[in-house]
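In: Pasting a predicted model and its sequence here:
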Amino acid sequence: MEDLKTFLIEKVLLFESDTLPAESEKILEQIRRDKTSIPVIYISFGTSSIISGSEKTCSAIRAYLDDNNHHASLVKVGCNGPANFEPLVCIQLPGKNKLVFRNITEDKVEPLLNGVFHNDINEDDLVGQTGSDGFGFWPGIQFADKIAYYARQNRVILGNCGCYDPESVEEYIARGGYRAYIKTIRHYTFAEVCDIIERSGLRGRSGGGYVTGLKWKQALNTSSNARYLICNAKESDPGAFADRTILESDPHRLIEGIAIASYAIGSSNAIVYMRSGSDHARGRLQKAIDAARDYGLLGHNIFSSGYNLDITIRKEPGAFVCGEETALINSLEGKRGMPQLKPPYPTSSGLFGKPTVINNVETLMNVPLIMQNGPEWFRTLGTEKSPGTKIFAIAGKGRMSGVIEVEMGTSLRTILDDIADGLKEGKEFKAIQLGGASGSFITSDNLDLPVDYDVMKENGIGMGAGGFVIIDENTCIVDIVRYYMEFIRNESCGKCIPCREGTGRMLEILESVIRKPTNEDSGTTLERFKGVMQLETIASVMKDTSLCGLGQTAPNPFLSALKYFRDEFEEHIFDRKCRANVCRGLRSFSIDVDKCTGCTACAAKCPVNAIYGTRLQPFFIVEDKCIGCGICFDICKFSAIKVR
């Protein structure tokens with residue numbers, strides 16, 4: 001192992017030429033398993049795959065190999081992207097392309113391996129093959145990258161995800177990792193690195209898309225005896241999980257990006273600010289940091305360059321508002337996570353009053369690739385003003401879900417129809433909720449908009465952290481807005497009045513809309529309608545006067561919902577009706593006496609004892625006691641429960 005470490009450092013990392021000698025490439029091929037002499041089985045081992053049962057699948061594979069005396073290698077990799085394919089298993093036989101199989105639970109392991117090892121492949125769970133279409137081609141099996149989910153993507157940042165052992169620094173180096181970092185600290189000045197990143201056009205992949213190189217220059221040009229680089233890996237938006245996937249699948253590239261960014265601003269201290277509860281991702285990242293330190297990539301006088309760097313992980317306190325820059329800094333300083341007025345901006349006065357750059361995970365993942373391939377290469381991707389790619393976490397009612405990467409300029413319709421493969425069960429499309437709790441709704445009228453910061457901004461849409469929630473006809477927009485407002489109300493730090501009081505008042509009005517009023521007179525209806533009109537005024541005040549981005553963007557879901565789905569709000573208010581039949585407070589249940597057999601099943605399950613009757617005789621529901629839970633409707637075998 002020590003010989004391998006010496007080889008990778010002296011013959012790969014410190015090798016000056018871009019082209020390695022043939023003998024070195026052969027060793028790297030073995031590390032990468034490009035040409036293997038024994039079967040290699042890759043199994044996804046991220047959070048989504050573990051939830052789907054990959055631990056049991058892994059144990060079943062080990063047991064099969066032991067019982068059948070098969071000499072094969074089992075490699076735990078990160079997530080390849082499609083969450084509904086988990087657990088994902090790839091099998092590579094010597095001299096053959098990889099075969100990709102989906103949803104391999106423990107009961108499928110034995111027939112799967114029997115089939116592959118005896119060249120009798122069951123195609124029920126087969127996704128396709130990956131590799132070259134020359135040597136090792138499996139005839140009659142499509143290439144996985146030809147299916148719509150992969151074909152419409154350009155996996156630049158996610159290129160390593162699901163392909164190698166994320167806990168192996170040797171594999172990452174064999175794939176070209178850390179060479180851009182070593183080249184940077186040995187051949188470029190701080191200012192030159194900032195200039196390269198600025199020329200690439202890389203923009204922050206969260207929030208408003210500020211030019212990354214310009215931000216770095218502002219911190220570098222601020223006179224100080226210390227500077228800090230913070231990687232914001234908090235990602236607390238509901239429906240967003242891209243950062244977690246990257247941390248679990250390719251932590252070494254993130255470390256390399258952090259290291260280059262730290263060097264560019266003259267910082268010797270970098271912090272990864274992680275979401276509480278991300279234990280699996282945190283464990284993998286910590287192992288990667290320890291391995292990088294063991295290889296001399298972190299520490300004092302790195303490879304005699306005169307540069308020092310240490311990376312530490314800090315866990316956030318569990319508050320959504322701590323995703324905001326100044327609140328994040330306060331929490332790192334041991335204070336309550338509350339936002340501060342800007343200016344001064346963190347680039348001039350941040351952590352402990354020192355110049356501080358805060359970038360999110362996706363932004364930093366681009367940095368090694370830009371330093372390796374050049375800013376001109378990066379500008380060949382995406383659009384003129386938004387070069388590169390964008391990662392989205394697809395969730396909701398699409399047929400496909402998971403983490404995807406598309407070039408900037410790709411239309412939202414392409415993501416919905418091709419990559420997500422439309423909606424489940426043939427349901428009608430209603431909207432996309434983009435940007436998390438403070439994001440906006442996108443209807444069919446805007447599906448042809450390209451993924452571009454400026455175009456999105458012109459249409460009042462923010463991409464946020466990349467949450468992409470697909471909504472179908474069975475979803476109540478009013479209920480979703482209420483959910484997001486409750487989330488933001490609970491997460492507000494309470495420092496400024498517009499956010500603290502405004503979110504509470506908006507939630508109060510929305511909750512009145514999804515409940516039947518106790519008084520059914522016309523005056524109550526008018527008050528409910530006036531309340532919704534008042535929401536627009538409250539939203540305007542919050543956007544203009546809130547202290548931080550949380551309060552300023554909190555009304556976005558309501559404003560965009562009212563713009564595109566005003567009829568649903570009016571329907572809730574005037575007709576006391578939820579067309580999606582989701583709002584319990586507006587549902588009324590009754591029993592059809594002609595269909596009721598008096599079986600008592602509904603009465604036994606009613607949580608509030610609102611159903612009365614005599615056995616074998618028709619029952620009835622006391623509407624004043626009914627809470628609209630729908631348990632009776634679900635349990636009735638005779639379709640006797642009616643809902644309106």
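Out: Perfect, I can see it now. Residues are numbered from 1 along each chain as shown.
In: Report the contact partners of Ser37.
Out: Applying C-beta atoms under 8 Å, 6 or more residues apart in numbering to Ser37 gives the contacts Pro94. Heads up, the C-betas are built off the backbone N, CA and C, glycines and all.
In: Are we agreed that it is in a strand?
Out: No. Assignment of Ser37 by DSSP: H, G, I helix; E, B strand; the rest coil gives coil, placing it outside any strand.
In: where's it relative to Gly136, distance?
Out: Computed as C-beta to C-beta, to the nearest Å, the Ser37 to Gly136 distance reads 13 Å.
In: cool, and Asp594?
Out: 67 Å.
In: the more surrounded of these two?
Out: Between Asp594 and Gly136, counted using other C-beta atoms under 10 Å, the more crowded position is Gly136 (16 against 7).
In: Three-state assignment for the more buried one, please.
Out: At Gly136 the chain is in coil, as set by three-state DSSP.
In: ok, for it, nearest residue in space, not its chain neighbours?
Out: Spatial nearest neighbour of Gly136, chain neighbours left out: Lys96 (4.3 Å); criterion: C-beta to C-beta, 6 or more residues apart in numbering.
In: Same check on Arg244?
Out: Ala281 (5.2 Å).
In: likewise Tyr42?
Out: Closest residue in space to Tyr42, ignoring its immediate chain neighbours: Cys90 at 4.0 Å, by C-beta to C-beta, 6+ apart.
In: packing partners for the helix or strand where the one you found lies?
Out: Element membership of Cys90, judged by DSSP states H and E, is strand 89-92. Other helices and strands packing on strand 89-92, by 3 or more C-beta pairs under 8 Å, 6 or more residues apart in numbering; DSSP states H and E, are strand 40-44, strand 98-101, helix 109-117.
In: So what's the gap between the last one and the chain middle?
Out: Centroid separation for helix 109-117 versus its chain: 33 Å, with C-alpha atoms, centre = their mean, to the nearest Å.
In: which residues sit against the helix or strand following it?
Out: Using DSSP H and E, the helix or strand that follows helix 109-117 towards the C-terminus is strand 126-130. The contact list for strand 126-130 (C-beta under 8 Å, 6+ apart) reads 85, 88, 90, 97-102, 137-138, 141-147.
In: Now, of the residues you listed, which are buried?
Out: Buried residues within the contacts of strand 126-130, defined by neighbour count using 16 or more other C-beta atoms under 10 Å: 85, 88, 90, 97-102, 138, 141, 143-144, 147.
In: which one of these is nearest Arg32?
Out: Lys98 (12.5 Å; C-beta to C-beta).
In: Wait, that closest one touches Ile91, no?
Out: Yes. Counting by C-beta atoms under 8 Å, Ile91 is a contact partner of Lys98 at 6.8 Å.
In: Identify the contacts common to those two.
Out: What both Lys98 and Ile91 touch, as defined by C-beta under 8 Å, 6+ apart, is the set Tyr42.
In: Pretty sure Gly494 sits in a helix.
Out: No. Counting by three-state DSSP, Gly494 is not part of a helix but coil.
In: and the one helix or strand Thr245 maps to with strand 40-44, angle?
Out: Per DSSP H and E, Thr245 falls inside helix 242-249. Put simply, helix 242-249 runs at 150 degrees to strand 40-44, going by axes from the mean of the first three to the mean of the last three C-alpha atoms, to 10 degrees.
In: What average pLDDT does helix 242-249 get?
Out: For helix 242-249, mean pLDDT rounds to 93.
In: what's the pLDDT at the residue nearest to Arg244?
Out: At Ala281, pLDDT is 94.
In: and if you look at Phe429?
Out: 95.
In: That one: neighbouring residues, count only.
Out: 18.
In: Output the longest strand belonging to the chain.
Out: strand 389-396 (DSSP state E).
In: Can you name the element that comes right after it?
Out: Criterion used, DSSP H and E; the element after strand 389-396 is strand 402-407.
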